[in-house]
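> what follows is a predicted structure for the sequence shown.
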Amino acid sequence: MASAAMAASSRALFRPHRLLLLPDPRRRRHLSASALASANAAATTVRRGVVDVLRERGLVEATTSEALGSSSAASGEQQKLKVYCGFDPTAESLHLGNLLGLVALSWFRRCGHTAVALVGGATGRVGDPSGKSAERPELDLAAVVANSDAIKSLIAQILTRAPEPSHLAQSGKEAILDKHEDALANSDQDLSEKSGNVGESMGSFVILDNYDWWKDITLLDFLKEVGKFARVGTMIAKESVKKRLNSEDGMSYTEFTYQLLQGYDFLYMFKNMGVNVQIGGSDQWGNITAGTDLIRKILQVEGAHGLTFPLLLKSDGTKFGKTEDGAIWLSPKMLSPYKFYQYFFSVPDVDVVRFMKILTFLSLDEIHDLEESMKKPGYVPNTVQRRLAEEVTRFVHGQEGVEEALKATEALRPGAQTQLDSQTIEGIADDVPSCSLPYDQVLKSPLVDLAASTGLLASKSAVRRLIKQGGLYLNNKKIDSEDKLVEEGDIVDGKVLLLSAGKKNKMVVRIS
Ligand SMILES: Nc1ncnc2c1ncn2[C@@H]1O[C@H](COP(=O)(O)OP(=O)(O)OP(=O)(O)O)[C@@H](O)[C@H]1O
Ligand SMILES: N[C@@H](Cc1ccc(O)cc1)C(=O)O
């Protein structure tokens, strides 16, 4: 009895996980028909299509094979691709740098391919060393789960808003959003039912979480069935590892393993869902090629491809990221649509055309016309930036977000006729200096005193001078008199008031 029970329990322990792959090449036969078809299809050259579109817009840094990127393709049907981009849930929101991945996925969809956004519920617990000079702080489990949920719903909202190419806009075809792997495995069928022809319909999208497969994989399974095929020399040679090995603290075994986790994701999705392309920022090259290598070695098939896009950099040359200062968050909870819009409205002229190509779906002809308009006499500064801001804000926050941003922008213009409300003023409070004062200290106090004591201007005499020049505003209304006292009606919604010295210098005064 006892030995039978032991045998049963050890069978359970060593039972190979249904999703792991055995090294036996005969297992090639077990690739699903659609996975093999997709793999082989992608191995042939893709006719001028999505990769060329991405390249023209400056969204291609490198590809793992010419076959994927060549535009001098042999004639024939454009191949249907299933492409994925991963995002680790290391914050509550994605940021502007991550938007490139969503834009690129949307271009694949616009060209009729299937897009997969993968949230790294498992990899987020390990931490990607790519581009990091030190070990990442460990995230607690509850935060990973909460972040994953928030990011999934953000991605769903944004990908749903990806504009269809104009020739499809009339067709009424809808994107499929499903969290289940089966939806992806069957998406060939879904697509063909909808259109019957690749490249003539908007591709579907799916959101997955890699914790769904990692949660069942044991260390022994992993070492036997994946680790065996990874060469330590190749792993050490990756940029993300090389840099860290030379640092004082070195690198943990955990982070060293990250590339294999991401590599296995690709292998898993390739085998089970026919996902044949992985995209990511250029810092992901090592992890992406870890996947294509595993697929080649374990499944012994070609047909898995990688594509990276350049990192979007700030003017100081550092990348836009979630852990760097001054993140441009995509979630309205972390950055209001108004501030998001303002960021793009203020992009310098030298960057605006590049941003248009990278971050919007406007045609290159239209972008060229906008660029030309900037050179013409009488060009009103920031007109092109306004268009950029509208397009990107619409993609990320929807038309309501654009309207909210435009309303706040207009309302906060000194001299604007729009009646300010406390929500609009609060909306800019993170961006401009603010202070809190008790109600009775504000009510009936001379405005000259308030403007000086809050630090809007350095002294009362400077405030008086500004009033004479017509440059002091209370809630956007010009103040003409040095004797003006703050009245009850000046305290917006009983909560807040806005002082402005000229156009740029503002102070939000909250009533405590
Ligand atoms: N500035 C950027 N420009 C282009 N792509 C980016 C940028 N920042 C991140 N990405 C890409 O977004 C995807 C998800 O990256 P990830 O979730 O690790 O964000 P991250 O900003 O790199 O995070 P962290 O700051 O924690 O390293 C990757 O493909 C990554 O290359
Ligand atoms: N490593 C990626 C996220 C990612 C996670 C899992 C993957 O399979 C792919 C990508 C990043 O941190 O940017």
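Cool, got the structure. Ligands and ions are numbered 1, 2, ... in the order given.

> which residues does the residue of the stretch 51-200 of the chain found nearest ligand 2 bridge with?
As assessed by C-beta to the nearest ligand atom, ligand 2 sits closest to residue 86 within the stretch 51-200 of the chain, at 2.2 Å. Bear in mind the C-beta positions are built from the backbone N, C-alpha and C, glycine included. Beta-bridge partners of residue 86, counted by DSSP bridges, are residue 118.

> which ones are touching it?
Residue 86 makes contacts with 118-120, 123, 210, 262, 265, 278, 280, as judged by C-beta atoms under 8 Å, 6 or more residues apart in numbering.

> least trustworthy helix or strand in this structure by mean pLDDT?
In the chain, no helix or strand scores lower on mean pLDDT, DSSP states H and E than helix 2-14, which sits at a mean of 35.

> for the strand or helix carrying residue 440, buried residues please.
Element membership of residue 440, judged by DSSP states H and E, is helix 439-442. By neighbour count on 16 or more other C-beta atoms under 10 Å, the buried set for helix 439-442 is residue 442.

> so what's the gap between that helix and the chain middle?
44 Å (C-alpha atoms, centre = their mean, to the nearest Å).

> try stretch 342-359
With C-alpha atoms, centre = their mean, you get 17 Å for stretch 342-359.

> list of residues touching that stretch?
56-59, 96, 99-100, 103, 312, 315, 328, 362, 364, 367, 370-371, 374, 382, 384-389, 391-393, 395, 405, 409, 431.

> could you flag which of those are buried?
For these, a burial check counting by 16+ other C-beta under 10 Å picks out 57, 59, 96, 99-100, 103, 312, 328, 362, 367, 370, 384-389, 391-393, 395, 405, 409.

> near ligand 1, from the contacts of residue 86?
residue 280 (C-beta under 6 Å from any ligand atom).

> helices of the stretch 201-350 of the chain, start to end?
211-214, 219-225, 232-237, 239-245, 253-273, 285-294, 337-345, 349-359 (DSSP state H, counting those that start in this stretch).

> lowest-confidence stretch among these?
In terms of average pLDDT, helix 239-245 trails the rest of the helices of the stretch 201-350 of the chain, at a mean of 88.

> domains of this protein?
2-13+32-309, 336-411, 426-511 (automatic domain parsing).

> deepest in the core, which of those is it.
Most buried of the domains of the chain, by mean neighbour count (mean count of other C-beta atoms under 10 Å): domain 2-13+32-309, with a mean of 19.

> got the CA coordinates for stretch 367-375 in CSV?
In CSV, the C-alpha atoms belonging to stretch 367-375 read as follows (Å, rounded to 0.1, in the frame of the first residue of the first chain):
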residue,chain,number,x,y,z
ILE,A,367,2.9,64.2,-42.3
HIS,A,368,4.9,65.5,-45.2
ASP,A,369,2.3,68.2,-45.9
LEU,A,370,2.4,69.2,-42.2
GLU,A,371,6.1,69.3,-42.2
GLU,A,372,6.1,71.6,-45.3
SER,A,373,3.5,73.9,-43.6
MET,A,374,6.0,74.5,-40.8
LYS,A,375,8.4,76.2,-43.3
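
> pLDDT on that stretch, on average?
97.

> what residues does the strand or helix carrying residue 156 touch?
Using DSSP H and E, the element containing residue 156 is helix 141-161. For helix 141-161, contacts defined as C-beta under 8 Å, 6+ apart pick out 87, 89-94, 99, 102, 105-106, 109, 115, 117, 119, 121, 124-125, 139, 175, 177, 179, 205, 207, 209, 211, 330-331, 394-396, 398.

> run the chain-centre distance for that helix.
Distance, centroid of helix 141-161 to centroid of chain: 11 Å (C-alpha atoms, centre = their mean).

> now do it, average pLDDT.
pLDDT averaged over helix 141-161 gives 96.

> that one and ligand 1, any residue contact?
No. Against ligand 1, helix 141-161 shows no contacts by C-beta under 6 Å from any ligand atom, the least distance being 8.7 Å.

> now do the contacts for residue 334.
Contacts of residue 334 by C-beta under 8 Å, 6+ apart are 92-93, 327.

> can you flag which of the contacts of helix 141-161 belong to helices?
99, 102, 105-106, 109, 211, 394-396, 398 (DSSP state H).

> output the contacting helices and strands for the one helix or strand residue 55 maps to.
Here residue 55 is covered by helix 50-56, with elements defined by DSSP H and E. Contact partners of helix 50-56 among helices and strands, from 3 or more C-beta pairs under 8 Å, 6 or more residues apart in numbering; DSSP states H and E: helix 66-69, helix 96-110, strand 305-309.

> and residue 484, which of the ones you listed is closest to it?
Smallest distance to residue 484 across those (C-beta to C-beta): 41.4 Å, for helix 96-110.
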